[in-house]
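J.: Okay, structure incoming, though there's no sequence with it:
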């Protein structure tokens with residue numbers, strides 16, 4: 001083609017581009033999408049009909065206008081002043097206020113071996129604090145904008161500061177991973193978020209690395225009110241992730257990645273935080289019988305506060321925990337918040353999570369005498385056959401507990417509406433017949449006393465049994481053996497349940513039932529029923545009217561079959577362990593000298 005002809009074609013191109021009308025605006029949608037990097041181009045089959053009309057118009061102009069321009073000539077326009085940019089940005093109207101932005105803290109999740117004497121193999125997810133800039137809505141960080149900022153920070157990986165407080169911290173997300181888009185859908189049901197990465201996100205590493213990077217993203221993304229995450233690679237939904245074949249069966253939630261958590265996962269405070277008294281310690285745990293221990297200590301090891309607590313669930317299930325220890329400190333100092341568990345085998349400290357923090361100074365506060373909110377465990381009017389008294393106390397400001405002038409072994413339970421629970425037991429001197437149990441709580445502000453009336457019957461028979469049928473006048477019992485400790489391990493080994501005595505039984509108990517004999521036992525008119533309740537943040541006995549207890553069984557008095565029966569709503573919703581554990585749990589039966597059942601007490605099953 002000649003040079004003049006080439007010049008005229010360029011001129012035609014510029015004129016036609018300048019004549020092209022602006023594209024009509026898209027209709028508003030409920031979906032919100034952010035593309036930090038250019039998104040992959042859509043295929044032609046997805047283009048709007050308006051686009052094809054525009055293409056046809058440009059073709060017609062070429063056919064009709066080309067000969068005229070070639071005939072009449074003319075000077076070419078300046079391309080830099082007429083060619084639109086490759087990416088157009090809609091201008092904000094003058095009446096719209098500029099978007100306010102500010103810096104906020106978010107939590108990022110990386111990987112590290114930071115748990116001492118861990119019962120679960122690492123590395124584990126480790127939360128770190130990171131400051132990002134996000135839009136402000138109603139004085140608060142915008143959730144969607146914060147999500148995008150957090151994901152971008154996550155892709156940058158750990159910093160040198162992170163490594164200083166958590167040595168060896170790393171990320172399973174490979175370098176070169178790009179965030180192509182984030183889509184949040186707020187319409188109907190739970191909010192949903194879809195995160196789109198480039199193909200680098202699923203490259204390199206084995207099964208652990210692939211699953212770990214998914215866990216990092218899910219935990220980071222779900223702190224902003226989105227309960228689950230769906231993944232895309234280059235705009236395509238992911239059902240099977242990477243060459244490792246990890247199946248993503250629907251939206252991914254935190255529950256899908258619990259295996260990446262240590263047995264005790266502390267989410268507040270984080271390493272490097274500054275804390276004040278009382279320290280707010282929160283997280284989730286899956287420990288033996290939900291037990292936890294904690295302490296606040298200085299860098300030199302001096303202990304400022306320590307105690308026991310409990311998660312809301314344990315021994316195979318994850319539970320939340322919240323601990324608020326108070327300490328006294330004259331001047332600010334560096335130290336640690338430590339949360340750990342005691343081994344069920346030998347009592348040694350395990351699963352130790354040590355969090356380096358900056359401790360603010362804290363003055364000692366005056367406290368009043370312990371205020372008893374609730375007193376349970378030894379139920380008023382119950383019969384006991386041994387001189388060991390166990391009580392559960394919900395109270396504030398307790399230092400010691402004595403039972404009938406005997407110092408009780410005491411440990412802390414969970415919090416109930418911010419008030420601490422305590423559990424205490426002591427061997428006391430009792431006389432056969434009615435006795436008054438005096439529980440004295442002592443704190444820095446004074447003492448508080450509570451009394452309970454019990455009957456001590458050392459000659460009464462106490463048996464543990466499964467109940468196959470219950471009624472107001474008689475019950476049918478299948479006696480069993482309830483074994484704990486070494487006896488449980490030995491019996492389980494003899495029965496072939498475990499391979500060796502050293503293996504140990506789960507949860508330190510074993511039930512042996514070798515005698516199929518059923519016994520029909522009369523029930524005394526004033527029989528007392530005691531169920532286990534979680535109302536105190538742990539397990540404690542509480543008296544229940546016998547008619548309410550009978551209502552937990554079928555009309556004919558037999559237990560419900562959860563596999564075949566349609567189980568109704570339980571009539572006693574305030575008792576913590578109704579349902580399967582109440583109906584199928586063993587019960588301790590106390591029988592008087594005439595063989596009448598005078599007390600029916602549920603055995604807690606961990």
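T.: It's in. Owing to the predicted nature of the structure, the values given are computational and were not obtained by experimental measurement.
J.: Over stretch 117-134, what's the mean pLDDT, rounded is fine.
T.: The average pLDDT for stretch 117-134 rounds to 94.
J.: Any buried residues in that stretch, and which?
T.: 118, 123, 124, 125, 126, 127, 128, 129, 130, 132, 134 (16 or more other C-beta atoms under 10 Å). Yep, even glycine has a C-beta here, placed from its N, CA and C like the rest.
J.: next SSE after the helix or strand hosting the fourth one?
T.: Secondary structure assigned from DSSP states H and E places residue 125 in strand 124-137. Note on strand 124-137: by DSSP H and E, the next helix or strand toward the C-terminus is strand 140-141.
J.: Using the three-state scheme, assign residue 161.
T.: helix (DSSP: H, G, I helix; E, B strand; the rest coil).
J.: Now that it has come up, it's in contact with residue 272, right?
T.: Yes: Residue 161 lies in contact with residue 272 (C-beta atoms under 8 Å); the separation is 7.4 Å.
J.: which one of those two has more residues nearby?
T.: residue 272 (16 against 13; other C-beta atoms under 10 Å).
J.: rewinding a little: can you tell me the strand partners of the strand holding residue 125 and which way each runs?
T.: Strand 124-137 pairs in its sheet with strand 101-112 (antiparallel), strand 140-141 (antiparallel), by DSSP bridges.
J.: could you point out which element follows the last one?
T.: Going back to what we said before, that points to strand 140-141. Next along from strand 140-141, by DSSP H and E: helix 143-156.
J.: which of the residues in that following helix are buried?
T.: Within helix 143-156, the residues that count as buried by 16+ other C-beta under 10 Å are 143, 144, 145, 146, 147, 148, 149, 150, 151, 153, 154, 155.
J.: Go through those and say which is closest to residue 498.
T.: Distance to residue 498 across those (C-beta to C-beta) is lowest for residue 154, with 43.4 Å.
J.: Look at that closest one and report its pLDDT.
T.: 98.
J.: and the strands paired with strand 124-137 as TSV, adding mean pLDDT, distance to residue 551 and mean neighbour count?
T.: Shown next, in TSV, are the strands paired with strand 124-137 (pLDDT from 0 to 100; distance: least, C-beta to C-beta, whole Å; neighbours: other C-beta atoms under 10 Å):
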stretch	mean pLDDT	distance to residue 551	mean neighbour count
strand 101-112	95	46	18
strand 140-141	89	47	16
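J.: Looking at the ones you listed, spot the one closest to residue 295.
T.: Nearest of these (C-beta to C-beta): strand 101-112, 21.6 Å.
J.: Show me the strands paired with the helix or strand just after that closest one, marking each as parallel or antiparallel.
T.: Note on strand 101-112: by DSSP H and E, the next helix or strand toward the C-terminus is strand 115-116. Here strand 115-116 is paired, per DSSP bridges, with strand 349-359 (antiparallel).
J.: tell me which residues of the strand it pairs with are tucked away?
T.: The neighbour-count check on strand 349-359 (16+ other C-beta under 10 Å) flags 350, 351, 352, 353, 354, 355, 356, 357, 359 as buried.
J.: So what pairs up with the last one in the strands?
T.: This points to residue 359. residue 275, residue 333.
J.: distance of residue 349 from residue 410?
T.: 20 Å (C-beta to C-beta, to the nearest Å).
J.: do residue 461 as well
T.: 31 Å.
J.: higher neighbour count, these two?
T.: residue 410 (20 against 13).
J.: Leaving out chain neighbours, which residue sits closest to the more buried one?
T.: Leaving aside its sequence neighbours, residue 410 sits nearest to residue 424 (C-beta to C-beta, 6 or more residues apart in numbering; 4.4 Å).
J.: For the one you found, which three-state class applies?
T.: For residue 424, the assignment made with three-state DSSP gives strand.
J.: Next up, the contacts around it.
T.: 390, 391, 392, 393, 401, 403, 408, 409, 410, 411, 439 (C-beta atoms under 8 Å, 6 or more residues apart in numbering).
J.: can you give me phi and psi for the third one?
T.: Its backbone dihedrals place residue 392 at phi -120, psi 130, with angles given as degrees, to the nearest 10.
J.: From residue 498, how far out is residue 268?
T.: 39 Å.
J.: go on, residue 486?
T.: 13 Å.
J.: between the two, who's got more neighbours?
T.: Shown here are residue 486 and residue 498; by other C-beta under 10 Å, residue 498 has more neighbours (19 against 10).
J.: Can you give me every residue that contacts the more buried one?
T.: 489, 492, 504, 505.
J.: which of those residues sit farthest apart?
T.: Pairwise across the contacts of residue 498, and taking C-beta to C-beta, the largest span is found between 492 and 504, at 8.5 Å.
J.: Have a look at the two and say which one is more surrounded.
T.: residue 492 (23 against 18).
J.: who are the neighbours in contact with the more buried one?
T.: Going by C-beta under 8 Å, 6+ apart, the list of residues near residue 492 reads 498, 505, 510.
J.: Doesn't the last one lie inside a strand?
T.: Yes: counting by three-state DSSP, one finds residue 510 located in a strand.
J.: how about the nearest residue to it, chain neighbours excluded?
T.: Nearest to residue 510 is residue 488, by C-beta to C-beta, 6+ apart, at 3.7 Å.
J.: Test my guess that the one you found contacts residue 506.
T.: No: counting by C-beta under 8 Å, residue 488 does not reach residue 506; the two are 9.9 Å apart.
J.: Tell me which of those two has more neighbours.
T.: residue 488 (24 against 16).
J.: Residue 102: what's it in contact with?
T.: By C-beta under 8 Å, 6+ apart, the neighbours of residue 102 are 133, 134, 136, 141.
J.: gap between the two ends of stretch 299-314?
T.: 31 Å (C-alpha to C-alpha, to the nearest Å).
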